[in-house]
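J.: Below are the sequence and a predicted model; questions follow.
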Amino acid sequence: MAPTLSICLTDYFHHLLILIISTLFLLFLVKSFRNFKSKSKYPPTPPALPIIGHIHLLKSGLPTSFQSLARIYGPLMQIRVGAANFVVASDAKSAQQILRTFDADFASKFQPGPTNYHIYEDSSFTNAPYGAYWRYMKKLCMTKLFTGSQLDRFNGIREQETSKLLKSLLNKSKAGEPCDLAAEVTELTNNMIYRMAMGRRCSNYPNQAAEIRRFITDSMKYAAKFHFGEVFGPLKKFDLFGNGKRLKLTLKGYDQLIEQIMKDYQDNDLETSENDDEKDVMDILLESYKDTNAEVKLTRDQIKNFFMELFMAGVDTTAAAIRWAMAELINHPNIFKILREELDSVVGNNRLIKESDVPKLPYLQAVVKEILRLHPPGPLLRRVSNKDSKINGFDLKKGTRVFINVYMIMRDPNCYKESEKFMPERFLGYSTEMKGQDFHYLPFGSGRRACPGASHAMFVMHATIGALTQCFDWKVKEAEKVDTEAAGTGYSGAFAVPLLCYPNTRFDPFQE
């Protein structure tokens, strides 16, 4: 009886194996037939490893990793990170189709970071899906927060904070001390944004800007510790190194601080001001929060999250661009000399540069444009398709997450001669479009999702770079040049190392 049972079991497993193989083969034929019938053509993709996909190929900063892969697999390629699929667009033609031709089809963004540790769920403006809330906030930005008149009103704040920076550097120069120019410039942009955001109460809380900065810096630090594969790969549900817990605690500390600020405004009627010229960003958002007739009812979490995104975008990206500018100018003394000669010729040597001088300083404008080309503040634009699309001859399904590699596009040797070199003169003699209509030049993005704070950033960059060139000669501490290779590209384009320099006073604008 035992041999008979053994034979039966053997036959059973044999037939079961044949059934499994036949089923898998049939599924393969059905899938192949469907793909043949649909004639879909998807972007090429590098060979992937099981489970992890292409995580092993993303070794350095994402922009440079994508750049290396695109040189092999083309300007539109697929990347898989765990179970998450992405398409990376790396040329101006693909960017134009996504950002202009089919802008409405790619009007939403996907979340880039570890969202499972974020306390403001579904409250983001920057990453909100294209819909009523995003449209309302974009309208608010463009009609009240970042209008020309509002930016003009904040001119005094920008000038005062620039003067504070220069006085700090003058003191260090007098003492023969080095400065961390990266930290100094970050404090400058942080104080500007803080005063624009909550300026009517800042005089009573002199340390609050630094306190907010600490929370923002810590949250960005912990979020940055997550590898791209930890966010989208097979380990995304596990907080392997405790950074998720630290991030959540930091965000809770930020939440308590901003909640107290909002209560102070409301308890002391600070949000009500009869004079529009005295209103800061908090005033405007709390007015909208209280407006029962507003087309979209804002929540407190949305206001808090808006300020966090304002500090992240308005502080670090502008500061990073200024740091890159000074690093490149220090490394290229001939360009530094040409810029200073232009400033001396137009502004003179007895007063500080003003924002109103910038239109008469074409070489300064060219320096800023070249910095934004080589070191864009947002090297990767994010989009997600809301319907099936065809880009550059390839099919993209609804829900496809797309990276647009602005970093690579603006280093295209077919468009820019000696594209890896810092050459401001390439922008002299013709007007470069800054609002995202030239798809070879996209420092602030393009389309509906273009950066709403670009004008403010340009004001700050021109005036600060001009003033630092006017007032000081610069020497790198313990080196001849700034090591820009070590500075990295990262995801955000931020300068990754301290910029330790000796400022040597050349012109003191405060000396009577």
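T.: Thanks, I have the structure now.
J.: residue boundaries of the strands in the stretch 401-512 of the chain?
T.: 401-405, 472-476, 500-505 (DSSP state E, counting those that start in this stretch).
J.: which secondary structure elements does the longest one contact?
T.: When contacts are defined as 3 or more CB pairs under 8 Å, 6 or more residues apart in numbering; DSSP states H and E, strand 500-505 sits against helix 155-175, strand 179-180, strand 472-476. (C-beta placed from N, C-alpha, C; glycine too.)
J.: Relative to F306, which of those is closest?
T.: helix 155-175 (19.3 Å; CB to CB).
J.: The closest one: which residues count as buried?
T.: By 16 or more other CB atoms under 10 Å, the buried positions in helix 155-175 come out as I157, R158, E161, T162, L165, L166, L169, L170, K172, S173.
J.: quick one: average confidence on that helix?
T.: Helix 155-175 carries an average pLDDT of 96.
J.: so how far is it from its chain's centroid?
T.: 26 Å (CA atoms, centre = their mean, to the nearest Å).
J.: what helix or strand does M77 sit in?
T.: For M77, the host element (DSSP states H and E) is strand 76-81.
J.: how about the helices of the stretch 301-450 of the chain, start to end?
T.: Remark: helices assigned in the stretch 301-450 of the chain by DSSP state H, counting those that start in this stretch are 317-331, 333-346, 362-374, 406-409.
J.: Among the ones you listed, which comes closest to L19?
T.: helix 406-409 (49.3 Å).
J.: For the closest one, buried residues please.
T.: By neighbour count on 16+ other CB under 10 Å, the buried set for helix 406-409 is V406, Y407, M408, I409.
J.: With distance to T115, mean pLDDT and mean neighbour count as new columns, can the strands of the stretch 401-512 of the chain be given to me in JSON lines?
T.: JSON lines is the format used below for those (distance: least, CB to CB, whole Å; pLDDT from 0 to 100; neighbours: other CB atoms under 10 Å):
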{"stretch": "strand 401-405", "distance to T115": "13", "mean pLDDT": "97", "mean neighbour count": "24"}
{"stretch": "strand 472-476", "distance to T115": "39", "mean pLDDT": "95", "mean neighbour count": "19"}
{"stretch": "strand 500-505", "distance to T115": "36", "mean pLDDT": "95", "mean neighbour count": "18"}
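J.: circling back to that earlier point, any chance of the helices and strands packed on strand 500-505 in a markdown table, plus distance to R71?
T.: Compiled in a markdown table, those are given as follows (distance: least, CB to CB, whole Å):
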| stretch | distance to R71 |
| --- | --- |
| helix 155-175 | 41 |
| strand 179-180 | 36 |
| strand 472-476 | 32 |
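J.: roughly how far is stretch 206-221 from the heart of the chain?
T.: On CA atoms, centre = their mean, the centre of stretch 206-221 falls 18 Å from that of its chain.
J.: contacts for that stretch?
T.: Contact with stretch 206-221 is made by 186-187, 190-191, 194-195, 198, 202, 246-247, 250-251, 253-254, 257-258, 261, 308, 311-312, 315-316, as judged by CB atoms under 8 Å, 6 or more residues apart in numbering.
J.: ok, and for it, which residues are buried?
T.: Within stretch 206-221, the residues scored as buried using 16+ other CB under 10 Å are Q208, A209, I212, R213, F215, I216, T217, D218, S219, M220.
J.: thinking again about what came up before, from the contacts of stretch 206-221, list the buried ones, please.
T.: Buried subset of these (neighbour count, 16+ other CB under 10 Å): 186-187, 190-191, 194-195, 198, 202, 246-247, 250-251, 254, 257-258, 261, 308, 311-312, 315-316.
J.: re the thing from before, as JSON lines, the buried residues of helix 155-175 with distance to L499 would be great.
T.: Listed next are these as JSON lines, based on distance: CB to CB, whole Å:
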{"residue": "I157", "distance to L499": "24"}
{"residue": "R158", "distance to L499": "21"}
{"residue": "E161", "distance to L499": "19"}
{"residue": "T162", "distance to L499": "18"}
{"residue": "L165", "distance to L499": "14"}
{"residue": "L166", "distance to L499": "17"}
{"residue": "L169", "distance to L499": "13"}
{"residue": "L170", "distance to L499": "18"}
{"residue": "K172", "distance to L499": "13"}
{"residue": "S173", "distance to L499": "16"}
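J.: Strands along the stretch 251-400 of the chain, start to end?
T.: 380-384, 389-391, 394-396.
J.: Tell me which of these sits most buried.
T.: Mean neighbours per residue, mean count of other CB atoms under 10 Å, is largest over those for strand 380-384, with a mean of 23.
J.: what mean pLDDT does it have?
T.: Taken as a whole, strand 380-384 has a mean pLDDT of 96.
J.: Equivalent analysis for stretch 266-285, please.
T.: 72.
J.: Kindly report the same for stretch 319-326.
T.: 96.
J.: Show residues contacting that stretch.
T.: Under the criterion CB under 8 Å, 6+ apart, residues 181-182, 185-186, 188-190, 367-368, 371-372, 374-375, 377, 457, 460-461, 464-465, 468, 474, 484, 487, 492-495, 499, 501 lie in contact with stretch 319-326.
J.: Also stretch 297-313?
T.: With CB under 8 Å, 6+ apart as the contact definition, stretch 297-313 has outside contacts at 120, 123-126, 133, 137, 190, 193-194, 197, 212-213, 216, 219-220, 254-255, 258-259, 262, 281-282, 285-286, 288-289, 451, 453.
J.: before we move on, what about stretch 282-296?
T.: 132-133, 136-137, 140, 144-145, 197-198, 200, 261-262, 265-266, 270-271, 273, 298-300, 303, 306-307.
J.: Could you tell me how far it lies from the centre of the chain?
T.: The answer for stretch 282-296 is 27 Å, by CA atoms, centre = their mean.
J.: Can you pull out the low-pLDDT segments for the stretch 351-500 of the chain?
T.: 433-434, 436, 486-496 (pLDDT under 70).
J.: repeat that with 90
T.: 429-437, 447, 477-499 (pLDDT under 90).
J.: Now the element after the host helix or strand of L26, going C-ward?
T.: Element membership for L26, per DSSP H and E: helix 2-38. Of the helices and strands lying after helix 2-38 in sequence (DSSP H and E), the nearest is helix 62-73.
J.: what comes up buried for that next one?
T.: L62, P63, T64, S65, F66, Q67, L69, A70, Y73.
J.: Kindly provide the distance from the second one to G378.
T.: Using CB to CB, to the nearest Å, one obtains 10 Å as the distance from P63 to G378.
J.: what does the third one give?
T.: For T64, the distance to G378 (CB to CB) stands at 15 Å.
J.: likewise the first one?
T.: Per CB to CB, L62 is found 12 Å from G378.
J.: what do those two both touch?
T.: By CB under 8 Å, 6+ apart, no residue touches both L62 and G378.
J.: Spatially central residue in the chain, please.
T.: G378 (3.8 Å; CA atoms, centre = their mean).
J.: Pretty sure that one sits against R449.
T.: No: G378 is beyond contact range of R449, at 10.4 Å (criterion: CB atoms under 8 Å).
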